[in-house]
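Trainee: Structure here, sequence nowhere to be found:
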């Protein structure tokens, strides 16, 4: 199992940027598929981005062109660079990890076995 700890959240004005980090420990990080999800108040948790073990990426349409997921295996860390933020991006952002090949689409929460505690991102208008 791997322990995931997110950081980098905070309050930012619309149009601003933030970079979230998710540090992993206790496992072989390079073997994990990684994802970012978010949950806004009163809404279901939704997929944001995914990065494979080899570095292939996929982003939700709602963030495509504004957010970028990346990973640094030497630092056991996955990042989410968020640009052009708007109030609709306000949510708790969660990092997720999965070791084995996916048994379902990686855009689904249930596809991931390990989760971080989340970091709050608030975008003011």
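Mentor: Sure thing, it's come through. No experiment lies behind these values; they were computed from the predicted model shown.
Trainee: Report the separation between residue 117 and residue 100.
Mentor: 23 Å (Cβ to Cβ, to the nearest Å). The C-beta positions use only the backbone N, C-alpha and C, and glycine is treated the same way.
Trainee: how close does residue 95 sit to residue 18?
Mentor: Applying Cβ to Cβ to residue 95 and residue 18 gives a distance of 14 Å.
Trainee: So which of those two has more stuff around it?
Mentor: The residue with more neighbours, out of residue 95 and residue 18, is residue 95; 28 against 21, by other Cβ atoms under 10 Å.
Trainee: what bridges to the more buried one?
Mentor: residue 36 (DSSP bridges).
Trainee: That one reaches residue 32, doesn't it?
Mentor: No - look at residue 95 against residue 32 with Cβ atoms under 8 Å: they stay out of range, at 10.6 Å.
Trainee: which residues are in contact with stretch 67-86?
Mentor: 12, 14-25, 29-30, 34, 36, 48-51, 55, 57, 59, 63, 66, 89, 93, 95, 121, 123 (Cβ atoms under 8 Å, 6 or more residues apart in numbering).
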